[in-house]
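**Student:** Any chance you can model this:
(6 chains, ligands or ions: 3)
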Amino acid sequence: MEKLILLFTSSGLFNLQFGQAIMIAVGLMLLFLAIKKNFEPLLLVPIGFGGILANIPEAGLAFSAVENALHLGGPEVINAIAQAVGLDAGADLKAIKAAYGVSDAAAHVLAVQTAVDANFNNGMLYNFYTVAIASGAAPLIIFMGVGAMTDFGPLLANPKTLFLGAAAQFGIFATVLGAVGLTSMGVMDFSIKDAAAIGIIGGADGPTAIYVASLLAPHLLGAIAVAAYSYMALVPMIQPPIMRLLTTESERKLQMTQLRHIGKTEKIFFPLLLLILVAMLLPDAAPLLGMFCFGNLMRECGVVERLSDTAQNALINVVTIFLGLSVGSKLSADKFLDLNTLGILVLGVIAFGIGTACGILMAKVMNKLSSTPINPLIGSAGVSAVPMAARVSNKLGLEANPQNFLLMHAMGPNVAGVIGSAVAAGVMIKFVG
Amino acid sequence: MEKLILLFTSSGLFNLQFGQAIMIAVGLMLLFLAIKKNFEPLLLVPIGFGGILANIPEAGLAFSAVENALHLGGPEVINAIAQAVGLDAGADLKAIKAAYGVSDAAAHVLAVQTAVDANFNNGMLYNFYTVAIASGAAPLIIFMGVGAMTDFGPLLANPKTLFLGAAAQFGIFATVLGAVGLTSMGVMDFSIKDAAAIGIIGGADGPTAIYVASLLAPHLLGAIAVAAYSYMALVPMIQPPIMRLLTTESERKLQMTQLRHIGKTEKIFFPLLLLILVAMLLPDAAPLLGMFCFGNLMRECGVVERLSDTAQNALINVVTIFLGLSVGSKLSADKFLDLNTLGILVLGVIAFGIGTACGILMAKVMNKLSSTPINPLIGSAGVSAVPMAARVSNKLGLEANPQNFLLMHAMGPNVAGVIGSAVAAGVMIKFVG
Amino acid sequence: MEKLILLFTSSGLFNLQFGQAIMIAVGLMLLFLAIKKNFEPLLLVPIGFGGILANIPEAGLAFSAVENALHLGGPEVINAIAQAVGLDAGADLKAIKAAYGVSDAAAHVLAVQTAVDANFNNGMLYNFYTVAIASGAAPLIIFMGVGAMTDFGPLLANPKTLFLGAAAQFGIFATVLGAVGLTSMGVMDFSIKDAAAIGIIGGADGPTAIYVASLLAPHLLGAIAVAAYSYMALVPMIQPPIMRLLTTESERKLQMTQLRHIGKTEKIFFPLLLLILVAMLLPDAAPLLGMFCFGNLMRECGVVERLSDTAQNALINVVTIFLGLSVGSKLSADKFLDLNTLGILVLGVIAFGIGTACGILMAKVMNKLSSTPINPLIGSAGVSAVPMAARVSNKLGLEANPQNFLLMHAMGPNVAGVIGSAVAAGVMIKFVG
Amino acid sequence: MMESSDLINEGLTLMVFGMGFVFVFLTLLVFVTGLMSRFVERYLPEPVSAAPAAAPAPVTATDDGQLVAVISAAIKQYRSRHPR
Amino acid sequence: MMESSDLINEGLTLMVFGMGFVFVFLTLLVFVTGLMSRFVERYLPEPVSAAPAAAPAPVTATDDGQLVAVISAAIKQYRSRHPR
Amino acid sequence: MMESSDLINEGLTLMVFGMGFVFVFLTLLVFVTGLMSRFVERYLPEPVSAAPAAAPAPVTATDDGQLVAVISAAIKQYRSRHPR
Ligand code: NA
Ligand code: NA
Ligand code: NA
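**Tutor:** Numbers count the residues shown, from 1 in each chain, chains lettered A, B, ... in the order given. Ligands and ions are numbered 1, 2, ... in the order given. A predicted model of the protein is given here:
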């Protein structure tokens, strides 16, 4: 009989906490958005599924060996770990976890060893997180793949569009102010590092957001990644109203001059140029933009087709699977189900809005100053979220004027925005990291 | 001259032990079975080759830095390691190895460091084993790929076939009893954990067998993996006699009703349904069935074609290469060449036999009870070993009645058996792990 | 204002050392050679790009956490690390680095922990180097891929060409003597290990050179890899003069008898034969030739097409990307910009020259002794550098006699050279490792 | 003997609980799958797609067979010379 | 309140320096890219490639369309039977 | 000087033993490979496969060449629009 009871007491149903049930529902909802509504499926399917796995009661897939020992272990192992981190035997779980968090190297190793000796191991998702995100490798490898898929032709044909890519990043810093403002009003509780990590959602770039969040505010990674990818999928809904609000009918009709053909040599020089500039001015952005330029060089140089093809397909797909599951492992109730997440979701959409608006305003200004006409609709593409934002500009352009094909013109600011948000990330890592 | 002697004394031939020669022959034999007889080549080629590499004298490819230092090192390094694990300088190798095995974290690190300082490193296959199998990652990633290749249509069209998948797992637990029985009679020496790991061979599922064996009885992993994959290849020989024995001519002629067409939505819901059920009832099976359902969801949801394609090809192939080599590294003479292996091979085939028989008996019972006819021949497919077991049922069906196409009907229990053995593995890990 | 100064003082430009600027130029030059002149692009593009990344001032991509802490950290962290490695607080950087290099395990872990606690981490390239090269995995996996691309048919049709593969390795040992000679004359400063690592350049085989250099002389890895891959690309320039010098017009006209067709069975047996021979005679070459034979067996056995295809494409491409970046991380000014590198470049080209000459001389000797004619031009292909060296022999053969198709005949010694250099590497690791 | 009979007990319990659990679990799965299928049939019926998704272009049957044979041969030939 | 206004200052400085740096960096990039384009146009002009690289074989237009349709269908059919 | 001449000795020994071993090893390999080839020829002769494995379908030579050219172009065109 005692076995039967053990079977029941250790079952998921018996130990299911309210928070875990909610988070499993959140995971299922993300899957619904990804599969039915086609919300960035390549990321939100693994993230949603990882979220469900992370909240399976008693399985501890997202916990380290020590956390598993504290949750599932008997009193002796809990006391042993308490002593390992310098507390006396009777300490409660919360205190032990806090002490473990700040313990020095020796105590850390001792606690881990005690847990492993008591037959508790790291959860599967915890291992994926350590290898993929804690090391910083997965976001950088995906950014290399993105570089290998990016064509800088439209940007090189019209370098001025880089200003649009710059202006649209204002959403990032405005949101930092928003987060910091909410904290000072006592509504939220964000440090400057948290605020910076939330701001980066406005950069509308998955790998950059995950890279910055894992460095500055790992505990907010789950909410930030979900917000970043959801809003990128919502671009066709968030941007049009703002674009129509800030542009006049005549401006929307503007047809832009044909882009000149860009030769191979220029496309090879550009990533090297960008790399040297980063090396000289912003070393903190070296990992991000370094791998991005490496991917782009592999694409354009034409002599390493095999490597470029693998970087865009097999490698980026494998890394995306494990990145998604790792982000999903951060969707735990205690980190996700609190006011901060609501704050992040609200601030995130504001970031996108402000970024879109600034891009358009910049485009209006440039249209006045520049000799050749610049249709402000391409300004909104400066937030990056490649290639959706460019398609939105193109759609609205066609609505206003059926002969007005803005797609290639919008691709300029679109890829410029990727560089813009990587630079913004570099600055934030330097000042706040 | 002294160099010449060094050359000869350190050559493989000079140090070749009898056991190593036998194991190299076993490796070659596995390659023969895989290449000439087409015995599960994707696994047995890397396993056989790994077995040969592991037994190259003096190369120590399958040994850790400490084991290499003890085997190849001079007296000073051996004494240093003895002291590191708390023995005095003169201790013999066996004692040092035993002490090293149970040493606590500090002694463990010290011993490893002494070996590395004396320029001994982990063998190539030891590193592959640590990354692929000790972490549990390789079997789970392969199981994700298997999920991405599995079509649950036939099962959804006839959910009752899940009972066949359940019944066929009886081979697993019968074999556990067999192993435990042999031990109590003093013939063999298996702990309950060893018995469970041997039983899982009856699950006829490679990744599950390797996952359970690496958790419960790592020292038996080599023999268990070889037995599991060999018997899966022998299904077309083991099953037919049992199938003919337990079924009457008329039963074999039974034609089953056409399966209804299963829509996309049902195929998307099923893996999620299965995952929730595992989450609620059997957290211990969460890693295995979690990754399996993730692979299946990627296949069916239709919005992540890139990820599903990579999971079924590049990713599963790379992991299979290293999994095979890692399993091969466990084919060392001291672990393989003893009575236990013989016991494992015998018990393994019994497990398959009993599983097949129970599947067929269950099908006969269900055929009596159910409104629509159920040809008992599909019961044997419940052992999984996808898709061979289903093909065997189909072949025997055709022999009895040329209009009788059982393949799709047998695929139901076939994929059900994969779930059955994963659930059985979960239960064993919980009770015995 | 203080922020603005921080921005400038921490910028790359402000901290750019002369050496770093030169090395970035070297990286760009390598990219030029690879992209414009098609110098082994698959390797030299990642190596060149890694070289640029490694020399970005202040980014510390190629440095460990401790090195980063010493370079970028304030006085407290530097003193803390000094104490960790047993020096008093005031010690200068050079002394601390030296002490850290030879510190025992405990001091090593303490120093790393101090750096990490002060928020300094391993650079991105440092992590790639540790996983790909320090573990020895990347060169071995690439060598497996090379094995899967190698057709031993021409060699099996004419086994005597193995002697050409043997003779051509003399370049390796001659260069070891050269390096040791230069040191005794006080011109250079190479240990016997350094000399051996430099000699292997003459093996004209990338993975083997990187594997040996990472074991025997990691500090010379950058220069050795660059020399090895550059000279392999220069084979069409280095070899022809030597080939014309050592062969007479009539010898160059010699037409060789048609090669017999080699069946599947022989092609399957050969890698196993080679593996057994290595196991018996040269365990030190087991990792290299073991993985090489495994790749070749996967290619020829015909039952593991999926694995062979992945080993030749997705897997080898991914590993090449990270191997290249890791080698690039060794292109730091202090290791590259000194007399040794010049010595390595000079000795490297000598190694190729001597290897080519010995191959041709051996072929002339064999031509005299053997019944069937052997055109000495195929001797130069014995240096390996597959398949370029074989194409060079073919070209010169055609120049002398338009009916003289030497390609397949030259492929024999070409692939024999790969085995030759792996055996030479094994011998050097045993005697000097 | 005491110790070995103890072992057999463990084996038996594992078998009883093991198979018991496997059956309970899969029975629940049968039940829930059936529910799901009925639910999907009622609330989320799929529009019966008329033409099968990957239908070949409407080419007259006669020369289609011969042409497809030629083409697949050409593709095999093309593939053997250009291994991807 | 003291502590929170300190936070707002940090936020403001981050915004000013952040946007400032982003604009400086990208302005430099615009300038340098323009320079590079002019340099490449003058010193490294590319030979204007006449025919587009991947032009299909010169088949008479009429039956080409119909043939390509058949072939792509055959390829799709071939691919469905031989999943790579 | 003592130390450097010691180094030269090491270099020389490495050369002698190195080349010696390489030749011994490869000579053995030549010998064993020859043995294996004769063994395979005698005991495991391969059935001489009549038609080459991947022979194209028996299409009359004339229009085959032209058709294959068209098809490979179509395949190239198909591949450029559907990058795998
Ligand atoms: Na952006
Ligand atoms: Na099964
Ligand atoms: Na060579």
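
**Student:** Give the other helices and strands that the longest helix along chain D contacts.
**Tutor:** Ordering each helix of chain D by length in residues (DSSP state H) puts helix D:2-43 first. Other helices and strands packing on helix D:2-43, by 3 or more CB pairs under 8 Å, 6 or more residues apart in numbering or on different chains; DSSP states H and E, are helix A:2-9, helix B:153-157, helix B:162-167, helix B:170-184, helix B:192-199, helix B:264-281, helix B:407-432. (Each C-beta comes from the backbone N, C-alpha and C, glycine too.)

**Student:** May I see these organised as CSV, with distance to chain D, mean pLDDT and mean neighbour count added?
**Tutor:** Output for the helices and strands packed on helix D:2-43, formatted as CSV (distance: least, CB to the nearest CB, whole Å; pLDDT from 0 to 100; neighbours: other CB atoms under 10 Å in any protein chain shown):
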stretch, distance to chain D, mean pLDDT, mean neighbour count
helix A:2-9, 6, 72, 11
helix B:153-157, 7, 95, 23
helix B:162-167, 4, 95, 29
helix B:170-184, 3, 92, 25
helix B:192-199, 5, 94, 28
helix B:264-281, 5, 95, 21
helix B:407-432, 5, 94, 28
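
**Student:** In contact with the residue nearest to residue A:301 when sequence neighbours are not counted, which residues?
**Tutor:** Closest residue to residue A:301 apart from its sequence neighbours, by CB to CB, 6 or more residues apart in numbering or on different chains: residue C:35 at 4.6 Å. Residues near residue C:35 by CB atoms under 8 Å, 6 or more residues apart in numbering or on different chains: A:268, A:301-303, C:41, C:45.

**Student:** Swap in 10 Å and give it another go.
**Tutor:** Taking CB atoms under 10 Å, 6 or more residues apart in numbering or on different chains as the criterion, residue C:35 is in contact with A:264, A:268, A:297, A:300-304, C:41, C:44-45, C:48.

**Student:** Buried subset of the residues you listed, written for PyMOL?
**Tutor:** This is how PyMOL selects the buried members of the contacts of residue C:35, with burial counted by 16 or more other CB atoms under 10 Å in any protein chain shown:
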select buried, (chain A and resi 268+297+300+301+303+304) or (chain C and resi 41+44+45+48)
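
**Student:** Turn the contacts of residue C:35 into TSV, including secondary structure.
**Tutor:** Output for the contacts of residue C:35, formatted as TSV (DSSP: H, G, I helix; E, B strand; the rest coil):
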residue	secondary structure
A:264	helix
A:268	helix
A:297	helix
A:300	helix
A:301	helix
A:302	coil
A:303	coil
A:304	coil
C:41	helix
C:44	helix
C:45	helix
C:48	helix
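
**Student:** hmm, the longest helix of chain D touching ligand 2?
**Tutor:** No. Judged by CB under 5 Å from the ion, helix D:2-43 stays clear of ligand 2, getting no closer than 10.4 Å.

**Student:** Quick check: mean pLDDT of that helix?
**Tutor:** Across helix D:2-43, the average pLDDT comes to 89.

**Student:** Stretch A:70-90 now?
**Tutor:** Stretch A:70-90 comes out with an average pLDDT of 85.

**Student:** Let me see the confidence value for residue A:333.
**Tutor:** pLDDT, residue A:333: 86.

**Student:** Contact partners for it?
**Tutor:** Contacts of residue A:333 by CB under 10 Å, 6+ apart are A:17-24, A:26, A:54-55.

**Student:** Tell me the one of those nearest ligand 1?
**Tutor:** Taking CB to the ion as the measure, residue A:26 is the one of the contacts of residue A:333 closest to ligand 1, at 26.1 Å.

**Student:** Just list the residues touching the closest one, thanks.
**Tutor:** Neighbouring residues of residue A:26 by CB under 10 Å, 6+ apart: A:48, A:51-52, A:55, A:222, A:226, A:331, A:333, A:336-337, A:341.

**Student:** What about ligand 3: which of the residues you listed touch it?
**Tutor:** By CB under 5 Å from the ion, no member of the contacts of residue A:26 lies near ligand 3.

**Student:** Now secondary structure and distance to residue F:29 too, for these, in a markdown table please.
**Tutor:** Output for the contacts of residue A:26, formatted as a markdown table (DSSP: H, G, I helix; E, B strand; the rest coil; distance: CB to CB, whole Å):
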| residue | secondary structure | distance to residue F:29 |
| --- | --- | --- |
| A:48 | helix | 56 |
| A:51 | helix | 57 |
| A:52 | helix | 56 |
| A:55 | coil | 59 |
| A:222 | helix | 58 |
| A:226 | helix | 60 |
| A:331 | coil | 58 |
| A:333 | helix | 64 |
| A:336 | helix | 63 |
| A:337 | coil | 67 |
| A:341 | helix | 66 |
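
**Student:** Which single one of these is nearest to chain D?
**Tutor:** Chain D has its nearest neighbour among the contacts of residue A:26 in residue A:52, at 16.4 Å by CB to the nearest CB.

**Student:** if we can go back for a sec, out of the contacts of residue C:35, who's nearest chain E?
**Tutor:** When those are compared for distance to chain E (CB to the nearest CB), residue A:264 wins out at 6.4 Å.

**Student:** Run a quick check on the closest one versus residue A:300, I expect a contact.
**Tutor:** Yes. Between residue A:264 and residue A:300 there is a contact under CB atoms under 10 Å: 6.9 Å.

**Student:** So the closest residue to residue A:83 other than its chain neighbours: helix, strand or coil?
**Tutor:** With CB to CB, 6+ apart as the criterion, residue A:83 has its nearest non-adjacent residue at 6.5 Å, and that residue is residue A:89. For residue A:89, the secondary structure call by three-state DSSP comes out as coil.
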